[in-house]
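1. Here is the input, now give the coordinates:
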Amino acid sequence: MADIVLSIVAKVAEYLVEPVIHEGKYFFCVSRVIKDLQNEKEELKSERDSLQDRVEQAKERTDLIEKPVEEWLNNVKKLLDEVEDLEQRMSTTDNCFQGRCPTWKRYCLCKKIVKKIEAMGKFKGKSNIHPFSRRSPLPGIQYESSENFTYFESTKVAYNQLLEAVQDDCINMIGVYGMGGSGKTTLVTEVGNKAEELNLFDKVISITVSQTPNIKNIQGKMADMLNLKLDEETEDGRAQRIWLTLREKRVLIIVDDIWGEFKLKDVGIRLDNECKSRWKILITTRRQEICDLLDCQKRIHLGLLSNDESWTLFQKHANIDNAFSESLMDVPLRLCDECKGLPIAIVILGSSLKGKSKDEWEVALQTLRYSESIEDHEGVRTALSCLKLSYDYLKNKDAELLFLMCSFFPEDSKISKEYLIRCGVGLGREGAFSLASRRSRIQVGINKLLDSCLLMPAEESRHNWHGYSEETVKMHDLVRDAAIWIAKRLNHKSLVNLDKPLSTLAEDYIIRDYFAVFSWCEENKISFQWDAPNLEILLLHIDNLHSLNLSYATFEGIKGLKVFSIIRPYPFFSSSQLLSLPQSTQLLTNLRTLCLNGWQLDDISFISSLTALEVLDLQSCHINELPNKMENLSRLRLLDLTNCFILQKNYNGAIGKCSQLEELYALGCKPEEYLSQSLMDIVTLPKLQRFVINTIKKNNDPDVEEHLNNAGNICPEGVRFLSLDVFNISNLKTSKQNLLQIAEIVCLQHLHGGCKNVIPDMIGVVGAMKNLSSLSLDDCADIECLFDTTTDPVCVDSHALIPKLVGLELLRLENLKEVCQGQPLQVLRLFEKLEKIYIKDCFKLHSIFPWECNLQNLKILDIGHNFACEALFSMSVAESLHQLQELYIHCCYALKHIIASGRDHCLSTSNDIASAPTSSHFRMLMPNMKRLYISHCPKLESIFPIFFIGGLAQLQEIAIVNAPKLKYIFGECDQGNHSSHWYEGQIMLPHLEVLTLENLQNLIGICLENYHAKWPFETTVSNCPKLTPSETTPPKVVLCEDQQKKLASKIKNSTLRGLPQLNLISCVGPAPGQILSLQ
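-> Numbers count the residues shown, from 1 in each chain. As a prediction, the model looks like this:
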């Protein structure tokens, strides 16, 4: 019985005492509970972080995360936030009785903590969720790595295979093959760019072979990429020099468009055992057997697009959707199917039908399906059918002619638009149309071809002989094949000869039936009789340094010739090579365009017999004089004497006899006296619309060369260019006055005669210059300011006198003190349209921009060698720079601030001191700035206030050199009510790619210490002893794993010199193997 009683008592005690003890721990075991909470929290956070890393990796693979995973992360995040809140509340709740006894509040908090510990325990170990993620569908056309490269499933597979092969040490020859227009060149170029981005090679080189390889041209391109000068005369010697240069380098060599057997050794690519370990050669070809011939260890076939991929690409270029296709009974879809997945055909056909009617779509489908057989190869037949259809849809005679003309040039040629226009004038329709009208029509034709994807803009503008860039286009090789085929059907057979002697072609009667002949040859004598009655265009490029003798040839058999061009591509190598033309040249009475470039010509009196001539181009030629009987050329519309040397210094009146002349180009024409004497005649030409006339002597002066180049670049669209030397304003002749009044670009050197300003002094003599778009003044000692309205501000309306001024160059104006004196509204309006300003060697200039002016259209500002200016802009002017893209400042020895501070004595009004901007306002300051270059400014203390950084979102490059007083690029704001903490912690300059900091002895950082600017990967730091290392990795910037990998792979490109305090603080993120390249 006693045992039963004891058992009952024990049980009662268990139910009464244990709860009391359990509740008691909330009062007396708080520390242990908190410790348990922290342990559970850290374990759960570690598990959460591990899962989050898996999520980030999956997202990098473009996987979609399963919903349970997202729910687990969200629930854990919410729970951890509640735990941290409890910890915060517990830390601020004190015990009573001087800490000896817990309070009721701590008791309640402790109970909640215990529940959170239990809740966290339920989540622990539950993060291993299956399925975790699933592969997301490909976005198709939206999956792009760059603007010009489109990923599809097919191209992505080939891209990955190529990238793996490029990184495989056991592979050194890789071949990509597929039909023309399938995207081989684009693909290997993208792989090359990626390899360069990953620093897999010291150099990535790309060359194009084409059907008829030009070894010297290929070697020249390789030399250009290697910055190598080839002095050897023979191709073999040049090849050996290239091989010696490449031998010790890790290089990827892309050899594009190989058609037949091609010996890589001929261009300097000799793959011996030593080079195999360092070189990768990646070739593209249309023929698989080429890959076998060159022993490619990896062969990758680039096939056609799938139906879905083709339809996506077609929809984009035709600008249609599924609903539109259904409304036309799926005609667009069936048209797309006829392209058979060939990208070039899809793009061209889709572009040609954009915006067309239903009937035109149906006609296109019928034409494409039932066109006659073109070639034996099915793919070529399909592609050429599509291209022929696009040609038919041009419906523009000029565009059709230009399309055929472009096929006359060799593959991969960069074709000058201006050259096309001049040849197009010769081949185009005759009539009473002005040259300006025909120029516009031909330009419309070129644009139509570009819009239809039958022509492509060249990646880079080609520089002509005079150093000026010119717009160029090129034609895809498959499109060119189609154009040649079309020309044959239209009885416009063309011959592009790159290897055979021209005499052989003539003797074999090969050229008899041809409409056009384009020949690159190295012959120095052509003596055969031309017999080609259908020949209308003959283009000869003489690729040697010898004279060319045609005096024994006869042109009687080509009297129908309309365009004749004999050009030496590089006349500056030797300007004395003689071109001798036969007497029968005067029989070419149907000739409308004659281009003789880069020759020493003896007697050119025959030109006066070419009565149908409309374009006469004598660029870079030496001539005795222009023919006296130029009046016979009653149809001559264009005369080009650019860089022409005329031996007869006394002008014979020839230019003035060209009564129909509309365009005259004479930049660099010598002697300058010849042009000066001709001005009286030039101004009397009744139809002259475009001219480029320069009477300034260069005398090998680099400053003058720069002056002329800048003047041309200020307004590249300018068509009336006048450059005058030793110009006495007090003795202005009528001829010069008239030319000045109609000129669009004006360059004046050594202006004198008491002219102290442009307005009112110069304009008062010359008269209104209402067409003036660009003004350049060089070495004009009398000029003290440009616009002076202090004498009579009421009567001067400067905006009406020069209303179109957008470019301004001031060079070596030794007495120029300020740009503007007096500030009436009319003068300030001049600044609103300015787009480009160049100022150099104006040592006394202390005030450039009036403090109230508006520079809303300024895009480029370049200022150098100034001793007086302390600040460039007031704050109000800086706020108007919405379009500024490039700012160059060099050798400004008095410059302290780019933007004047409120303390500056030169600010005279309270309006110049702007209040601190709001967060919405600062983003608008200089929003288009891309490049900032500052050098040799010894007094420069600040560049921009810190609040400007928010507006410089497009800034890509910063280079600052030799500014010893500069502490921060973005420094203190001088505005009183600006809080420096408004922008604290933000990551600035998101598009900054290149940063160069050199010889900045007091530079501490990009920004003040409260701000964190992300440093770009391409960083050069030299002699900046106070620059803190922690600035490069600010503590509040966290790099994701992908960024860490990129940093690890690119850090070897950074240059850090002159940093005596640099210590390696930490290395986190990438595995040690990923930073082995750090030297």
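
2. Just confirm L751 contacts F727, I think it does.
-> Yes - with contact defined as Cβ atoms under 8 Å, L751 counts as touching F727 (4.8 Å). No exception for glycine: its C-beta is placed from N, CA and C like everyone else's.

3. need the contact list for the closest residue to L302 other than its chain neighbours.
-> Spatially, and ignoring its direct neighbours in sequence, L302 is nearest to G178 (3.7 Å; Cβ to Cβ, 6 or more residues apart in numbering). G178 makes contact with K184, R286, H301, L302, G303, according to Cβ atoms under 8 Å, 6 or more residues apart in numbering.

4. Pick out the most distant pair among these.
-> Distance extremes for the contacts of G178: the farthest pair is R286 and G303 at 12.9 Å, using Cβ to Cβ.

5. Of the two, which one has the most company?
-> R286 (20 against 13; other Cβ atoms under 10 Å).

6. The more buried one and L80, how far apart?
-> Separation of R286 from L80 (Cβ to Cβ, to the nearest Å): 61 Å.

7. got it, and A436?
-> Applying Cβ to Cβ, the value for A436 to L80 is 74 Å.

8. just W485 next, same as before
-> Counting by Cβ to Cβ, the gap from W485 to L80 is 71 Å.

9. try I607
-> From I607 across to L80, the span is 89 Å (Cβ to Cβ).

10. More neighbours: the two, which one.
-> Using other Cβ under 10 Å as the criterion, I607 and L80 rank with I607 on top: 25 against 17.

11. Run through the residues that contact the closest residue to that one other than its chain neighbours.
-> Leaving out its chain neighbours, the residue that sits closest to I607 by Cβ to Cβ, 6+ apart is P627, at 5.4 Å. Taking Cβ under 8 Å, 6+ apart, we find P627 in contact with I604, S605, I607, S608, A654.

12. and P627, what helix or strand is that in?
-> Counting by DSSP states H and E, there is no helix or strand that carries P627.

13. With H865 instead?
-> Here H865 is assigned to strand 860-866, by DSSP H and E.

14. Quick check: buried residues in that strand?
-> I860, L861, D862, I863, G864, H865, N866 (16 or more other Cβ atoms under 10 Å).

15. Give the partner strands of that strand in its sheet and their orientations.
-> strand 836-840 (parallel), strand 886-892 (parallel) (DSSP bridges).

16. I'd like the distance from the longest helix seen in the chain to the chain centre, please.
-> In the chain, taking DSSP state H as the definition, the longest helix is helix 30-60. Its chain's C-alpha centre and that of helix 30-60 lie 48 Å apart, by Cα atoms, centre = their mean, to the nearest Å.

17. Tell me which other helices or strands it touches.
-> Secondary-structure packing of helix 30-60 (3 or more Cβ pairs under 8 Å, 6 or more residues apart in numbering; DSSP states H and E): helix 2-28, strand 63-65, helix 67-91, helix 104-123, helix 1041-1050.

18. Tell me what angle it forms with helix 104-123.
-> Angle of helix 30-60 versus helix 104-123, following axes from the mean of the first three to the mean of the last three Cα atoms, to 10 degrees, is 40 degrees.

19. tilt between helix 30-60 and helix 67-91?
-> 150 degrees.

20. in helix 30-60, what's buried?
-> 30, 33-34, 37, 40-41, 44, 47-48, 51-52, 54-55, 58.

21. same check, this time on stretch 531-544
-> Quick answer for stretch 531-544 (16+ other Cβ under 10 Å): A532, L535, E536, I537, L538, L539, L540, H541, I542, D543.

22. What sits closest to E835 if chain neighbours are left out?
-> V806 (4.5 Å).

23. Could you give the number of residues near the one you found?
-> 20.

24. next one: the one 3 residues further on
-> Residues lying near E809 (other Cβ under 10 Å) number 23.

25. Make residue 1 into 37 and carry on from there
-> Right, with 37 as the first residue, what we last looked at is E845.

26. Next, give phi and psi for it.
-> Reported as degrees, to the nearest 10, the phi and psi values for E845 are phi -130, psi 130.

27. That one and C878 touch, don't they?
-> No - contact criterion Cβ under 8 Å: E845 and C878 do not qualify, at 10.8 Å.

28. just to revisit the earlier point, the helices and strands packed on helix 66-96: lowest mean pLDDT?
-> The minimum mean pLDDT among the helices and strands packed on helix 66-96 belongs to helix 1077-1086 (a mean of 38).

29. M258 sits in which helix or strand?
-> helix 251-262.

30. what about T191, distance to D302?
-> Taken as Cβ to Cβ, the span from T191 to D302 is 32 Å.

31. And for K71?
-> Distance from K71 to D302, by Cβ to Cβ: 78 Å.

32. ditto for V240
-> In terms of Cβ to Cβ, V240 sits 21 Å off from D302.

33. Those two: which has the busier surroundings?
-> V240 (22 against 16).

34. List the pairing partners of the strand or helix carrying that one within its sheet, with orientation.
-> Using DSSP H and E, V240 maps to strand 239-246. Partner strands and pairing direction for strand 239-246 (DSSP bridges) are strand 287-294 (parallel).

35. Measure how the strand it pairs with sits relative to helix 251-262, angle-wise.
-> Computed by the same axes, to 10 degrees, the angle between strand 287-294 and helix 251-262 is 150 degrees.

36. Pull the residues that contact strand 287-294.
-> By Cβ under 8 Å, 6+ apart, strand 287-294 touches 202, 220-221, 224-225, 228, 231, 236-246, 298, 300, 305, 314-321, 326, 330, 447-448, 513.

37. quick one on the thing from earlier: with the buried residues of strand 896-902 in mind, which one is nearest to K853?
-> N902 (11.5 Å).

38. mind listing what that closest one touches?
-> Counting by Cβ under 8 Å, 6+ apart, N902 touches I875, C878, F879, L881, C927, C928, Y929, A930, L931.

39. tally of neighbours for the fourth one?
-> For L881, the number of neighbouring residues by other Cβ under 10 Å comes to 23.

40. Provide a list of residues in contact with the nearest residue to it once chain neighbours are set aside.
-> Spatial nearest neighbour of L881, excluding adjacent residues (Cβ to Cβ, 6+ apart): L852 at 5.2 Å. By Cβ under 8 Å, 6+ apart, the contact set of L852 is I819, E820, C821, L822, L846, C878, K880, L881.

41. Please report how far L852 lies from L894.
-> 19 Å.

42. now I305
-> Distance, I305 to L894, by Cβ to Cβ: 48 Å.

43. Could I get the average pLDDT for the strand holding H901?
-> When pLDDT is averaged over strand 896-902, the result is 93.

44. okay, that strand in CSV with CA atoms only?
-> Provided in CSV are the C-alpha atoms of strand 896-902 (Å, rounded to 0.1, in the frame of the first residue of the first chain):
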residue,chain,number,x,y,z
ILE,A,896,33.0,66.8,-77.9
LEU,A,897,35.2,69.3,-76.1
ASP,A,898,39.0,69.2,-76.6
ILE,A,899,41.1,71.9,-74.8
GLY,A,900,44.9,71.9,-74.6
HIS,A,901,47.9,74.1,-73.8
ASN,A,902,46.2,76.9,-71.9
